[in-house]
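A.B. asks: Here you go, sequence then predicted model.
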Amino acid sequence: MRSRLFMRRGILVFVFAALVTVGVGAPVLAASLVRTSEGTASIPAGQVVDGSAFLAGDSVTVDGTVLGDLYCAGNSVLINGTVEGDVLCAGDSVTVAGVVGGNIRVAGNTVVLKGSVAKSALVAAYSLVTDSAFTLGNDMLVGANTVLFSGTIGRDARVGASTLEISGSVKRNVDAAVETLTISSGALVGGDLKYISDRDGTVADGTVSGTVNREASPVRDTSFTPQDALGAYIKLLLIATVLWMVLALFVTLVVPRYVHFATAPYSHIADFLKAAVVGLAAMFVILPLTLISFVSGIGVLLGFFMVCAYTIALLLAPILVAYRVGLFMLGGRNTNIFFGVVLGVATLAVLSAVPFVGLLVVFATMSVGLGMVILSFRSQYVPHGYNTVKELTVPVKPAKTAKK
């Protein structure tokens, strides 16, 4: 119970903070009303807010008057009073039954509109129901599963819904994308009716003053041809190559000496085989043991450090191999380190694109590269004989001989 209460409180605080952020530019902020509550946050009848109002609670009720904008969030939102500005509210259930002088932007599971809105309405809901007394001055934009409209819209209505039923009046055009459309007798569409649907709607005679145009839902081609697969593979390879190139150039720019130092000892096939063995050991032995110790709780800090170190090694591995391959392609000639990295990345990318062979190239690159990284850091460690103490010798000056 306490966890649910804490979660609900956190959600309300988050939503309220977002609403406050949206309303930072509201005028007369100093005169605004800010109320949050775990229970009911309300503006009682007779109270006038000379500015904007910010309300958040399990239940939000506005019976008074807000001279500015109204921002609210709650499980249940009920607006019975007057808001001279805009309304921006969200909740599980949102009901606007009062008078709004500006626009409304509301979102909820169930939205009910009963009052009057002077300008436009933007609604996102599972279910939208408007009362026969509802009036809207301008346009309505709705995204919902079910829309049951009865009332008056001053201009256009644009709806995306599964079910749309109109029994009210739309002064201009209706543009909808629906599965089921019903315009009942007594309704009125003053302009054109255009809708996208796989089935004909039920439109009563004499309800649409303009033209009625239905378009079938566009059929998407879901077939996936070998050419599509090849195109997707090439696109993925190009993206991966570009990212690899950028990362390699960045690392080379930051630590050029390390890149050169870590790859310098590798001139014979035996050196690469040694690095590959060390890299394979890191893949199949060190990493699993690290993950086991990390997950089991034994040596969590050590496991976390090893996972971070292994991630860094994975990023460095293909860069070192690419640089060494680039030097090989240049025939050992001294040249710009960046050119060597670019040439190596391009060569390995081309080899990786060859079917079947590419998998072996990637596997070899990662194993040899991991070995290079591990051996490069190992070579930095120089053991010290901390248990041996050198004898301290003090030079003795020869005694002076007496003069005869």
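C.D. replies: Structure's in. What do you need?

A.B. asks: from here on, contacts and neighbour counts on C-alpha atoms
C.D. replies: OK.

A.B. asks: so where's the protein uncertain?
C.D. replies: 1-32, 36-37, 219-224, 287, 290-291, 293-300, 302-303, 332-335, 378-404 (pLDDT under 70).

A.B. asks: where exactly do the helices run in it?
C.D. replies: 2-22, 226-254, 256-263, 269-281, 287-296, 300-329, 337-352, 357-378 (DSSP state H).

A.B. asks: buried stuff in the second one?
C.D. replies: Within helix 226-254, the residues that qualify as buried are 237, 241, 244-245, 248-249, 251-252, counting by 16 or more other Cα atoms under 10 Å.

A.B. asks: if we can go back for a sec, kindly present the helices of the chain as JSON lines, with separate columns for distance to T182.
C.D. replies: Converted to JSON lines, the helices of the chain look like this (distance: least, Cα to Cα, whole Å):
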{"stretch": "helix 2-22", "distance to T182": "36"}
{"stretch": "helix 226-254", "distance to T182": "41"}
{"stretch": "helix 256-263", "distance to T182": "70"}
{"stretch": "helix 269-281", "distance to T182": "67"}
{"stretch": "helix 287-296", "distance to T182": "58"}
{"stretch": "helix 300-329", "distance to T182": "59"}
{"stretch": "helix 337-352", "distance to T182": "58"}
{"stretch": "helix 357-378", "distance to T182": "58"}
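
A.B. asks: wait, doesn't L280 sit right on S367?
C.D. replies: Yes: between L280 and S367 a contact is recorded at 5.5 Å, counting by Cα atoms under 8 Å.

A.B. asks: Looking at these two now, which is surrounded by more residues?
C.D. replies: Using other Cα atoms under 10 Å as the criterion, L280 and S367 rank with S367 on top: 26 against 18.

A.B. asks: quick one: the more buried one from L122, how far?
C.D. replies: Plainly put, S367 is 56 Å away from L122 if you go by Cα to Cα, to the nearest Å.

A.B. asks: Same check on L327?
C.D. replies: 62 Å.

A.B. asks: So between these two, which is more surrounded?
C.D. replies: Counted by other Cα under 10 Å, L327 and L122 do not tie: L327 has more neighbours, with 21 against 16.

A.B. asks: That one contacts F338, correct?
C.D. replies: No: taking contacts as Cα under 8 Å, L327 lies outside contact range of F338: 10.7 Å.

A.B. asks: which residues touch I79?
C.D. replies: 61-63, 95-98 (Cα atoms under 8 Å, 6 or more residues apart in numbering).

A.B. asks: switch the cut-off to 6 Å
C.D. replies: 61-62, 96-98 (Cα atoms under 6 Å, 6 or more residues apart in numbering).

A.B. asks: same thing with K119?
C.D. replies: Taking Cα under 6 Å, 6+ apart, we find K119 in contact with 102-103, 137-138.

A.B. asks: Now it. Its backbone dihedrals?
C.D. replies: Phi and psi for K119, reported as degrees, to the nearest 10, are phi -110, psi -120.

A.B. asks: Quick check: the gap between it and L316.
C.D. replies: 59 Å.

A.B. asks: cool, and G98?
C.D. replies: Per Cα to Cα, G98 is found 64 Å from L316.

A.B. asks: got it, and V277?
C.D. replies: In terms of Cα to Cα, V277 sits 17 Å off from L316.

A.B. asks: quick one, which of those two is more surrounded?
C.D. replies: Ranked by neighbour count (other Cα under 10 Å), V277 and L316 place L316 first, with 20 against 15.

A.B. asks: Which residues are in contact with A73?
C.D. replies: Counted by Cα under 6 Å, 6+ apart, A73 has contacts 56, 89-91.

A.B. asks: Let me see the contact set for I166.
C.D. replies: Applying Cα under 6 Å, 6+ apart, the residues contacting I166 are 149, 183.

A.B. asks: one more time with 8 Å, if that's ok
C.D. replies: So I166 contacts 148-150, 182-184, 187 (Cα under 8 Å, 6+ apart).

A.B. asks: is L33 in a bridge, and if so with what?
C.D. replies: A53 (DSSP bridges).

A.B. asks: From V49, how far out is it?
C.D. replies: Where V49 is concerned, L33 sits at a distance of 7 Å (Cα to Cα).

A.B. asks: L238 too?
C.D. replies: Distance of L238 to V49, computed by Cα to Cα: 59 Å.

A.B. asks: next one: A275
C.D. replies: A275 sits 74 Å away from V49, going by Cα to Cα.

A.B. asks: same deal with L78?
C.D. replies: Distance from L78 to V49, counting by Cα to Cα: 17 Å.

A.B. asks: likewise M329?
C.D. replies: Taking Cα to Cα, one finds M329 at 76 Å from V49.

A.B. asks: between the two, who's got more neighbours?
C.D. replies: It is V49, of M329 and V49, that has more neighbours when counted by other Cα under 10 Å, with 19 against 14.

A.B. asks: Apart from its neighbours in sequence, what residue is nearest that one?
C.D. replies: Spatial nearest neighbour of V49, chain neighbours left out: V66 (4.8 Å); criterion: Cα to Cα, 6 or more residues apart in numbering.

A.B. asks: my guess is the one you found contacts A45, does it?
C.D. replies: No: with contact defined as Cα under 8 Å, V66 does not count as touching A45 (10.9 Å).

A.B. asks: Would you mind telling me which of these two has the busier surroundings?
C.D. replies: A count of neighbours by other Cα under 10 Å puts V66 above the other of V66 and A45, at 25 against 14.

A.B. asks: contacting residues around the more buried one?
C.D. replies: Residues near V66 by Cα under 8 Å, 6+ apart: 48-53, 82-85.

A.B. asks: could you redo the last one with a cut-off of 7 Å?
C.D. replies: V66 makes contact with 48-53, 82-84, according to Cα atoms under 7 Å, 6 or more residues apart in numbering.
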